[in-house]
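Peer 1: Any chance you could fold what I've pasted below:
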Amino acid sequence: MDRVRSPVLSSFAVLAFCIGLSPISAAATADRADNDRPNFVVVFTDDQGYQDLGCFGSPDILTPNLDRLARQGARFTSFYSAQAVCSASRAALLTGCYPNRIGIQGALGPRSRNGIHDNEWTIAEVLKTRGYATAIYGKWHLGHHPQFLPTRHGFDDYFGLPYSNDMWPFHPGVAHLPFAERLKRWPHLPLFDREKIVNPRVTGKEQAQLTTWYTERAVGFIKQNKDRPFFLYVPHSMPHVPLYVSKKFAGKSKRGLYGDVIMEIDWSVGEIVKTLREHKLDRRTLVIFTSDNGPWLNYGTHSGRALPLREGKGTSWDGGQREPTVMWWPGQIPTGHVCDEVAGTIDILPTLAHLAGVEKLPQPHPIDGKDIWPLMTNAKDARSPHEAYYFYWGRHLQAIRSGRWKLHFPHAYRSLGGRKGGSGGKPVRYEQARTKTALFDLDKDIGETTDVLTGHPEIVARLKRLADQARTELGDSARKLKGRGVRPAGQLKK
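Peer 2: Residues are numbered from 1 along each chain as shown. I've put the predicted structure just below:
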């Protein structure tokens, strides 16, 4: 559904540019002929650990298709999600904004009455201004009521779950209750086809087919739109718990069920790429693979691994937000390129807009992402366009990274404290840990283990100044600051 929006940028855009939150790179003004618009495929997994690909060091999960794409394309080794939780990270990817800027926090559930605001423009809506076909097959998680669904926010087609696959009556947190009591907390899990619920009670049998179904839909969409530019978004429901896998991959991995699930996702990527090649679209298509946040560590054997990073999902340590990322575009992205510059999912929207020939973003609001095409192509002297990258948990600014340096502000976080996680899909309880103000040199200490705060007072002072600029624009609940650039989430219309 196309929407009319004023192309004039508000005063917020000027402010955002001044503090380094550019609405779009000047490089995006280059126009492209209609027959030169590339296709885009974004594969977004759920709760996958930094180490959970062969090309990122997994010793026991085979991912031949993604490893091949990494060899033929690029690995981004300092690529971040915008927050270490489901809805917030998806909002950031699709809008190019830190989630607290647009009011999307945490993980929306079946009782939520909010979602993505009508005034926000998604990647799909931006690309539709250039004539793109658009589709999403997978987990949406930006509101399940009709006004929030993907088909109301730029996507021509949608098939998948409206929120996380554990938001159902079999959630381990309610497994001890009578079934009627479970339903009061978690109603039955629905499966959507566009705006119609085609299965109101998803069971484990259907969950085992989700990766296959999403893949089949993706392949069909590519075939149907091979003669026009398209944007295909595949946000897999897996490997979020509960883990399910089809018979094709059951028992195939040395890492048990979790490894089976990742192998099936790798197969899915392979099927998509095979289809691109069959229709001679590979040299016209950018494929991006990344994840929404790090592993849910307290699930133990059903969780991924973020090694060598610290902690996982739900934290502002790098294990919570630094994601295994592969980018592939034959003839455009250099073979075997490895980029360690800071970038993130917020950068995908402005980058795709630039490549599609969008001269100016259609919404009158600033975004936080930047065009990272120079990083993707390994352009001479290309550096991260972010002077600083901000780590929020909810509305609390907990850390900031600039180049090699990452400064944590005092905050509590969940941790296993060295204990093992659970097994068989049942989690153990986290404990609460706390960090003081601490500085880490990520070039020398990727695991954020050694605080070097006292040795670099000038670095600390600079990062604190940058953090104060972010607080002014985006807020900080720890200091009771709302942020003058913060916009509201959408609310269910009565």
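
Peer 1: okay, now Glu341: neighbour count?
Peer 2: For Glu341, the count of nearby residues is 17 (other CB atoms under 10 Å). Using the backbone N, CA and C atoms, a C-beta is placed for each residue, glycine as well.

Peer 1: Could you pull up the contacting residues of it?
Peer 2: Glu341 sits next to 78, 375, 382-384 when contact means CB atoms under 8 Å, 6 or more residues apart in numbering.

Peer 1: Return the subset of those residues lying in strands.
Peer 2: Nothing among these maps onto strands, per DSSP state E.

Peer 1: do you know how far the residue of the chain most remote from its centre is from Tyr50?
Peer 2: The centre of the chain is farthest from one residue, Pro178, which by CA atoms, centre = their mean lies 35.4 Å away. Going from Pro178 to Tyr50 by CB to CB, to the nearest Å gives 40 Å.

Peer 1: Low-confidence stretches in this protein?
Peer 2: 1-35 (pLDDT under 70).

Peer 1: Please go through it and pick out the longest helix.
Peer 2: If you go by DSSP state H, the chain has its longest helix at helix 256-278.

Peer 1: what is the orientation angle of the helix or strand just after that helix with helix 256-278?
Peer 2: Next along the chain after helix 256-278, taking DSSP states H and E as the criterion, comes strand 285-291. Computed by axes from the mean of the first three to the mean of the last three CA atoms, to 10 degrees, the angle separating strand 285-291 from helix 256-278 equals 170 degrees.

Peer 1: now Arg201, what's its secondary structure?
Peer 2: The three-state label given to Arg201 by DSSP: H, G, I helix; E, B strand; the rest coil is coil.

Peer 1: Tell me which stretches of the protein form helices.
Peer 2: Per DSSP H, the chain carries helices over the ranges 11-18, 64-72, 86-95, 123-128, 179-185, 204-207, 210-224, 256-278, 318-321, 348-356, 373-376, 457-474.

Peer 1: Centre of the chain to the second one, how far?
Peer 2: This means helix 64-72. For helix 64-72, the gap between its own C-alpha mean and the chain's C-alpha mean amounts to 20 Å (CA atoms, centre = their mean, to the nearest Å).

Peer 1: list the helices and strands that helix packs on?
Peer 2: helix 256-278, strand 285-291, strand 325-328 (3 or more CB pairs under 8 Å, 6 or more residues apart in numbering; DSSP states H and E).

Peer 1: Check which residues of that helix are buried.
Peer 2: 65-70, 72 (16 or more other CB atoms under 10 Å).

Peer 1: if we look at that helix, which residues are touching it?
Peer 2: Residues outside helix 64-72 that contact it (CB under 8 Å, 6+ apart): 53-55, 266-267, 269-270, 273, 287, 289, 326, 328, 330, 335-336.

Peer 1: And this protein, what are its domain boundaries?
Peer 2: 12-384, 391-491 (automatic domain parsing).

Peer 1: winner for burial among the ones you listed?
Peer 2: domain 12-384 (a mean of 21; mean count of other CB atoms under 10 Å).

Peer 1: Leu108 is in contact with His145, isn't it?
Peer 2: No. Counting by CB atoms under 8 Å, Leu108 sits too far from His145 to count as a contact (10.2 Å).

Peer 1: shared neighbours of the two, which are they?
Peer 2: Listed as contacting both Leu108 and His145 by CB under 8 Å, 6+ apart are Gly115.

Peer 1: quick one, what contacts the residue most central in space within the chain?
Peer 2: Nearest to the geometric centre of the chain sits Asp292, at 3.4 Å (CA atoms, centre = their mean). Shown in contact with Asp292 (CB under 8 Å, 6+ apart): 44-47, 81, 86, 89-90, 93, 235, 323.

Peer 1: do Ala124 as well
Peer 2: Contacts for Ala124 (CB under 8 Å, 6+ apart) come out as 94, 132, 134, 136, 150, 153-155, 231, 233.

Peer 1: just Ile136 next, same as before
Peer 2: Contacts of Ile136 by CB under 8 Å, 6+ apart are 124, 150, 155, 157-160, 233-235.

Peer 1: One more: Ala433?
Peer 2: Ala433 touches 412-415, 417, counting by CB under 8 Å, 6+ apart.

Peer 1: among those residues, which are in strands?
Peer 2: 412-415.

Peer 1: Turn the residues you listed into CSV, columns for distance to Ala433.
Peer 2: Below are these laid out as CSV (distance: CB to CB, whole Å):
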residue, distance to Ala433
Ala412, 7
Tyr413, 6
Arg414, 7
Ser415, 4
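
Peer 1: one step back: ok, of the contacts of Ile136, which one's closest to Glu216?
Peer 2: Of all these, Glu216 sits closest to Phe159, with 9.5 Å by CB to CB.

Peer 1: Test my guess that that closest one contacts Thr215.
Peer 2: No. If you go by CB under 8 Å, Phe159 and Thr215 don't touch, sitting 11.1 Å apart.

Peer 1: What's the end-to-end length of stretch 93-106?
Peer 2: Chord length of stretch 93-106, first to last residue, is 14 Å (CA to CA, to the nearest Å).

Peer 1: And stretch 437-444, by the same measure?
Peer 2: Taking CA to CA as the measure, stretch 437-444 stretches 19 Å from start to finish.

Peer 1: How about stretch 443-460?
Peer 2: Stretch 443-460: ends 16 Å apart by CA to CA.

Peer 1: swap in stretch 129-146?
Peer 2: 23 Å.

Peer 1: same thing with stretch 74-94?
Peer 2: Between the opening and closing residues of stretch 74-94 there is a gap of 22 Å (CA to CA).

Peer 1: can you check stretch 180-199 too?
Peer 2: Taking CA to CA, stretch 180-199 runs 20 Å from one end to the other.

Peer 1: Pull the residues that contact that stretch.
Peer 2: 110, 140, 144, 146, 149, 151, 157-162, 165, 167-171, 173-175, 177, 200-202, 206.

Peer 1: contacting residues around Ile372?
Peer 2: 343, 347, 351, 384-385.

Peer 1: Now for those: which two are most distant?
Peer 2: The most widely separated members of these, counting by CB to CB, are Thr351 and Ser384 (13.0 Å).

Peer 1: ok so, going back, export the buried residues of helix 64-72 to CSV and append columns for distance to Arg194.
Peer 2: Conversion of these to CSV gives the following (distance: CB to CB, whole Å):
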residue, distance to Arg194
Asn65, 29
Leu66, 29
Asp67, 35
Arg68, 33
Leu69, 30
Ala70, 34
Gln72, 35
